[in-house]
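**Q** Attaching a predicted model along with its sequence, questions to come.
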Number of protein chains: 2
Amino acid sequence: MRVVALAGGVGGAKLAAGLQAALPPGDLSVVVNTADDFDPWGLRVCPDLDTVMYTLAGLANTETGWGVRDESFDALSMLSAYGEDAWFRLGDRDLATHVLRTQRLRAGARLTEVTVGLAGALGVRNTLLPMCDEPVSTVLKTPAGLLEFQEYFVRRRQRDEVLGVELRGIEDARVTEEVSHAVNGAGAIIFCPSNPVVSIAPILAVPGMRELLANSPAPKVAVSPIVGGRALKGPADRMLDSLGYEVSVTGVARMYEGLLDGFVMDRADEGEEAGVSALGMRVLATDAVMRDEEDRERLAREVLDLCRELGAP
Amino acid sequence: MRVVALAGGVGGAKLAAGLQAALPPGDLSVVVNTADDFDPWGLRVCPDLDTVMYTLAGLANTETGWGVRDESFDALSMLSAYGEDAWFRLGDRDLATHVLRTQRLRAGARLTEVTVGLAGALGVRNTLLPMCDEPVSTVLKTPAGLLEFQEYFVRRRQRDEVLGVELRGIEDARVTEEVSHAVNGAGAIIFCPSNPVVSIAPILAVPGMRELLANSPAPKVAVSPIVGGRALKGPADRMLDSLGYEVSVTGVARMYEGLLDGFVMDRADEGEEAGVSALGMRVLATDAVMRDEEDRERLAREVLDLCRELGAP
C-alpha cells in the first residue's frame, strides 16, 4: 500500500519515521510544510524538510528532535565573531545541507528536485517532497507586530500571542507533479500530528491541494497533535486558543472536517470520541504519544490498520 | 610612515604580519591577489585574502599557514555524505567567512567593502584590500589541459607542469579608489615574498596598477620568494622554470625591473647581488626565511629600514 503523509517538523517526522519502519521501502511519500522556510545569511533553510529528512535518514538529534546528531556549531561561533546575531542554531553539518540546497536552487533546480536529491544521497529510501516549489513564508500577527515564523519560533521562543497567520506567496504556489502523482497513487493519506495552524494548514492552502486530497478515494486519517487538551510539543495549543479555535481534539478534527475519514487520538481524550465521530470520522483512541522508536512504529501500524478498516488496500 | 604591501597567500601573510607588528596600527595597507578566488558550492572563496586576514587577526593556523586555528571540518564531512567531491578543505569557521562574503556580495556590496568589513569585525586594525572588485580567475595551461588555479593548487597538489597562465576577466578589472588612495598615500611599497607568477603578477596586471605604482614617488622594495634557488613554499620555482623564467633571485628581480628600487634576498643568494644590482636595485642580503613571529618582525623592520635608506619618510 502506497502511503502519503502530510507533515510539519518534529511530530510529523516521528510518525513519518514510524511509517517508514512499518512499510516496505519506497511505499511512503512525505509531503512537508515549507511555509516556515527562510534565508539566514542568504542560505535557503527548510526547517521542516530537514527535520523529516534527518529523521528518515537516521541522522536526527533525538534529544532535540531537530538538527543533526553529534553536531558542532563552529561556523555559528565564527558568525558571532563577525558580529552577526546568531540566534538561529545553525549546526556545521546542517550548514552543508543549506549550502548545497542554495547552490542547486540558484542553478535553477526546483526545490522538489533538490530535496529528492539530498534525501536520496543520505540514503532515505522513501520520497520526501516539499508541499510546493515556490517560496512561501509564514508571517504571524502578534502584539509585538508582524513576525517571520522563525523569528517567532526560535528567536522569541514562541512567547508572543498569535493573532493572525499570513502565508505570503501562497497564491503563487502550485501543487507539483510529484505531489499530485504521489496523492493519486496513494492507498492511504495520513495527516501527521503536526501543528494544524502553521504546519498542516499551509500544505492544505497550496492552491489545488485540498481538491487533490478530496478527490482521492484513499481513506484519510489524522493523528491528533493535541493530547489531553495540550500540545505535546510547541505552541499549537496556545496558537489555537488565540486564533479562536477550540483547544481540543475535537477542535483539531473540526479544522479538517470534510477531508478526513478517520481520526486517531490519545486515550486521554476518549471523552471527545463522540464529538469527533459526529464529524463523520471513525475514531481510534490509543496511546498517541511517541516516546521512542517502538512507539513510532506501533502508532504507525495502528494508523495503517485504521486506514485499511476504512477501505485502504 | 604609511606602507602598502602587495601580497599573495602564506608568504605574503607572514611578511604582512611582520609589518603589522613593526608599524603603528593603521599604517599598513595590504593589497592582496584575488585571481585565485573561486566559488565552491556557490560560495565566494578568496584564499589569499582569507590567509592574510586570518594571519593579521591572529586566527591563522600557524602549522598549515592557511585556514583558521582549531578548525573543524564537519560541514565538509556532511558535504561528502551528500556525495560531493570534497577536495577543497573548507573548515567550519572558514565557511562562515565565505557565507557572509557571498551574502554581502549578492546584496550588491563591492568585494573591497566586504573585505574591510570582515577584517574590521575580526579586529584587524590595518587595511586589507583586494587587488580589485571584479572577479578574476587564473587558468593554467598544463599538459593535462586547462586547470582552474585551485584545482591545480589544491586538488592536483601542483603536480602539473605550468605552460601558460591566463587571467580571465583581468581586462575588466579596475584599480579601486581604496587601492589608489593607499598607494598615493604610501611612503613605501613592499612586494611580499609571494609567487611572482600567480600572486604578484595578477596584482600588477590589473589595468592601471603598474602605472599607479610606477607614478608613486615612494621607494619600492621586493622580498625574494626564492631562497637558495628554490621556492620556500609552493610551486613558484617549478612554475618559473616551466614558463621560461630563470629560477633565481635575479630571475625574480628581472620580472619587476623598472618598478623596484630595492631588493631583499637571503644570504644564501649573496652571489647574485651583482646581478640584481645591475638591474638598478639596492640589494639587502639578510636572513629572509620567516620561521616564527620574531623572524617576521625582524625581516619587516629590515625591509622598512631599506625603504628609509631609499628615501622613505
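**A** Done, it's in.

**Q** Spell out the residue ranges of the helices in chain A.
**A** For chain A, the helices defined by DSSP state H occupy A:10-22, A:47-56, A:74-81, A:92-106, A:111-121, A:149-150, A:177-184, A:201-205, A:209-215, A:236-242, A:249-255, A:273-277, A:293-309.

**Q** Please tabulate those helices in JSON lines, including the columns mean pLDDT.
**A** Below are those laid out as JSON lines (pLDDT from 0 to 100):
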{"stretch": "helix A:10-22", "mean pLDDT": "96"}
{"stretch": "helix A:47-56", "mean pLDDT": "97"}
{"stretch": "helix A:74-81", "mean pLDDT": "97"}
{"stretch": "helix A:92-106", "mean pLDDT": "98"}
{"stretch": "helix A:111-121", "mean pLDDT": "98"}
{"stretch": "helix A:149-150", "mean pLDDT": "92"}
{"stretch": "helix A:177-184", "mean pLDDT": "98"}
{"stretch": "helix A:201-205", "mean pLDDT": "98"}
{"stretch": "helix A:209-215", "mean pLDDT": "97"}
{"stretch": "helix A:236-242", "mean pLDDT": "93"}
{"stretch": "helix A:249-255", "mean pLDDT": "96"}
{"stretch": "helix A:273-277", "mean pLDDT": "96"}
{"stretch": "helix A:293-309", "mean pLDDT": "97"}
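
**Q** Could you save the ones you listed as CSV and add columns showing distance to B:C192 and mean neighbour count?
**A** In short, each C-beta sits where N, CA and C put it, glycine included. As requested, the helices of chain A are exported to CSV (distance: least, Cβ to Cβ, whole Å; neighbours: other Cβ atoms under 10 Å in any protein chain shown):
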stretch, distance to B:C192, mean neighbour count
helix A:10-22, 53, 25
helix A:47-56, 44, 26
helix A:74-81, 26, 21
helix A:92-106, 32, 23
helix A:111-121, 42, 20
helix A:149-150, 44, 20
helix A:177-184, 54, 18
helix A:201-205, 55, 21
helix A:209-215, 61, 15
helix A:236-242, 59, 20
helix A:249-255, 67, 23
helix A:273-277, 75, 17
helix A:293-309, 58, 19
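
**Q** Could you dump those helices into CSV with distance to chain B added?
**A** What follows is those, written out as CSV (distance: least, Cβ to the nearest Cβ, whole Å):
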stretch, distance to chain B
helix A:10-22, 18
helix A:47-56, 11
helix A:74-81, 4
helix A:92-106, 4
helix A:111-121, 5
helix A:149-150, 17
helix A:177-184, 20
helix A:201-205, 26
helix A:209-215, 29
helix A:236-242, 31
helix A:249-255, 36
helix A:273-277, 43
helix A:293-309, 22
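
**Q** a markdown table for those, including distance to B:F88?
**A** Shown next, in a markdown table, are the helices of chain A (distance: least, Cβ to Cβ, whole Å):
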| stretch | distance to B:F88 |
| --- | --- |
| helix A:10-22 | 32 |
| helix A:47-56 | 24 |
| helix A:74-81 | 16 |
| helix A:92-106 | 13 |
| helix A:111-121 | 19 |
| helix A:149-150 | 30 |
| helix A:177-184 | 33 |
| helix A:201-205 | 38 |
| helix A:209-215 | 41 |
| helix A:236-242 | 43 |
| helix A:249-255 | 49 |
| helix A:273-277 | 56 |
| helix A:293-309 | 37 |
